[in-house]
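In: Quick one: sequence and predicted model below, then my questions.
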Amino acid sequence: MSSVQTAILFPGQGAQATGMGRRLAEASSDIMELWKKAESVCGQPLREIYWESNDSTLMAETRTLQPALTVVNFALFLSCADRFTPVAAAGHSLGEFAALAAAKVLPFDKVLELVTLRGQLMADADPDHEGSMMAVIRLPLDALEDAVKSVADETGMMVRVANKNTPLQVVISGHKKALEAVYEGLKGNSARAKFFPLAVSGAFHTPMMAEANAEFVKLLDRQDWQRAIFPVYSNVNGEPLTEGNYIRNAMRRQMTSSVQWVDTIVNMWKNGVRRWIEFGPQGVTSRMVRPTLSAADVADGSYSTLHIANIDSVKAFEG
């Protein structure tokens, strides 16, 4: 087993893939039971949607995606957990719930209940379809933040930087008209900058989720939050948390707060992490490590990333 300090990462929405988790579940009755449990909790035919369908719109549906991806993420970790000892965990937005299960803050069946309700509430939070999200690539963060503040001040509409994924990969969230205004003001600033509207049902990670979050917090507060067996780095502030009550308090704010992923990765490095292993279908979060550390000028290259995506990479993993 490796003695390198290792953190585990879990992706969130957008990491889904056709057939995700199928071969692993078919090889393990325990993993298949996780899928059946998730289907029972959410009342949706998850295996039919993610194993049999090629409909990307259907697979992106928040109500089904949140429990399905959580099962995949946690099942991949569970299949490797006896081969190494992580020192920390983090999950990107939805992925943070798999991190809670991995760190034994909450049992997985309770995590399934939480992400099922979270998916339902987030899907229904914006019935008038006023909000959305937009990825912004290769534009300096300070220029984007200035533009966002200017549009918010001038229009009175909600718009904010919602996900700081890497220094040059950011997501903004808010009223659709405000997002369009930010785009119009910035589109000529850099020939390299790219703007991509995201296929989501609302302005996630903004106060526009406040009503949904208030309902979600009721279920959060009914859980028995345990001390983590290794720190979970919070989306809300990028800091490592261990005490159950502190983690709960951060999770109470997660749906309406920005995802501080850059701070998460940099703080892990500063605390001694030198290897990151992502458990999830697409390798989204592990690809964010290198550009983040390079831009922060804290790393000398003596670190590594690994992506565990399917049964083949599970079998090849040596710890």
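Out: Structure's in. What do you need?
In: For the rest of this, base every contact and every neighbour count on C-alpha atoms.
Out: Noted.
In: and residue 198, what pLDDT?
Out: Confidence at residue 198, expressed as pLDDT, is 92.
In: what about the helices in the stretch 151-300 of the chain?
Out: 176-186, 210-220, 244-254, 261-270, 289-296 (DSSP state H, counting those that start in this stretch).
In: Output the contacting helices and strands for the helix or strand that the last one is followed by.
Out: I take that to be helix 289-296. Sequence order places strand 304-308 as the next helix or strand after helix 289-296, per DSSP states H and E. The contact analysis (3 or more C-alpha pairs under 8 Å, 6 or more residues apart in numbering; DSSP states H and E) places strand 304-308 against strand 275-279.
In: Show which residues not belonging to the strand it packs on make contact with it.
Out: With C-alpha atoms under 8 Å, 6 or more residues apart in numbering as the test, strand 275-279 has contacts from 4-11, 73-74, 76-77, 285-286, 303-309.
In: Now the buried members of these.
Out: Using 16 or more other C-alpha atoms under 10 Å as the burial test, those include 4-11, 73-74, 76-77, 285-286, 303, 305-309 as buried.
In: Just the ones in strands from the residues you listed, please.
Out: Per DSSP state E, strands hold the following members of the buried ones among the contacts of strand 275-279: 6, 7, 8, 9, 10, 305, 306, 307, 308.
In: Please list all residues in contact with the fourth one.
Out: Counting by C-alpha under 8 Å, 6+ apart, residue 9 makes contact with 89, 90, 91, 92, 95, 99, 276, 277, 278, 279, 285, 286.
In: What lies in contact with the helix or strand hosting the second one?
Out: Put plainly, it is residue 90. Assessed by DSSP H and E, residue 90 sits inside strand 88-91. Defining contact as C-alpha under 8 Å, 6+ apart, one finds that strand 88-91 is touched by 6-12, 96-99, 102-103, 230-235, 240, 264, 268.
In: okay, how far is it across stretch 226-235, tip to tip?
Out: Stretch 226-235 stretches 18 Å from its first residue to its last (C-alpha to C-alpha, to the nearest Å).
In: Looking only at that stretch, what residues are buried by neighbour count?
Out: 226, 227, 228, 229, 230, 231, 232, 233, 234, 235.
In: what's the answer for stretch 58-66, then?
Out: 59, 60, 61, 62, 63, 64, 65, 66.
In: ditto for stretch 177-189
Out: 177, 178, 179, 181, 182, 183, 186.
In: now stretch 103-111
Out: 103, 104, 105, 106, 107, 108, 110, 111.
In: What does the pLDDT read for the fourth one?
Out: In this case it means residue 106. 98.
In: How about the first one?
Out: Among the per-residue scores, residue 103 holds a pLDDT of 98.
In: pLDDT for the buried residues of stretch 226-235 - can I get that in JSON lines?
Out: Putting the buried residues of stretch 226-235 into JSON lines (pLDDT from 0 to 100) gives the following:
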{"residue": "226", "pLDDT": "98"}
{"residue": "227", "pLDDT": "98"}
{"residue": "228", "pLDDT": "98"}
{"residue": "229", "pLDDT": "98"}
{"residue": "230", "pLDDT": "98"}
{"residue": "231", "pLDDT": "98"}
{"residue": "232", "pLDDT": "98"}
{"residue": "233", "pLDDT": "98"}
{"residue": "234", "pLDDT": "98"}
{"residue": "235", "pLDDT": "98"}
